[in-house]
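> this one's sequence-less:
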């Protein structure tokens, strides 16, 4: 199985892959181009029948809940699913998750957005 997994460390906003994949995953990426443009870009790397899995930060900039991240480092479930609202994609899961971390022993609640979509056309 491990011979089928290929790890690549690169600048995703500039990289031009020579192939597409069955599974493309992004976890908490902080692209200079912003979240939605990054998700659109990497979605083109998914083969027909393949899956795109997005796990990202969901910051509330209106209420100061951004932990020092710029507004472009966050996207809502609605914004992401709207981007994939086409006959080409099928949304399999789209939800928010709240988790508690303890940096320095102090509990902090973080919100995440998770979207799994499949290229069907």
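Right, received. Where do you want to start? Note that the coordinates shown come from a computational prediction; the quantities given were computed from them, not determined experimentally.

> Phi, psi for residue 105 please.
Residue 105 adopts backbone torsions of phi 90, psi -10, taken as degrees, to the nearest 10.

> Give the burial count for residue 80, as a bare number.
23 (other CB atoms under 10 Å). C-beta: built from backbone N, CA, C; applies to glycine.

> for residue 30, same thing?
14.

> do the same with residue 115
With other CB under 10 Å as criterion, residue 115 counts 22.

> And the strands in this protein?
Secondary structure of the chain (DSSP state E): strands located at 21-27, 46-57, 89-101, 108-119.

> Residue 14: which of these is closest?
Set against residue 14 and scored by CB to CB, the strands of the chain come closest in strand 21-27, at 15.2 Å.

> ok and that closest one relative to strand 46-57, angle-wise?
10 degrees (axes from the mean of the first three to the mean of the last three CA atoms, to 10 degrees).

> So for strand 21-27, mean pLDDT?
Here strand 21-27 scores 93 as its mean pLDDT.

> List the contacts of it.
12, 38-39, 42-43, 45-47, 49-56 (CB atoms under 8 Å, 6 or more residues apart in numbering).

> Show me the beta-bridge partners of the spatially most central residue of the chain.
Nearest to the mean C-alpha position of the chain, counting by CA atoms, centre = their mean, stands residue 54 at 2.9 Å. Under DSSP bridges, the beta-bridge partners of residue 54 are residue 26, residue 115.

> Retrieve the pLDDT associated with it.
Reported pLDDT for residue 54: 97.

> Contact partners for it?
So residue 54 contacts 26, 39, 80, 113-117 (CB under 8 Å, 6+ apart).
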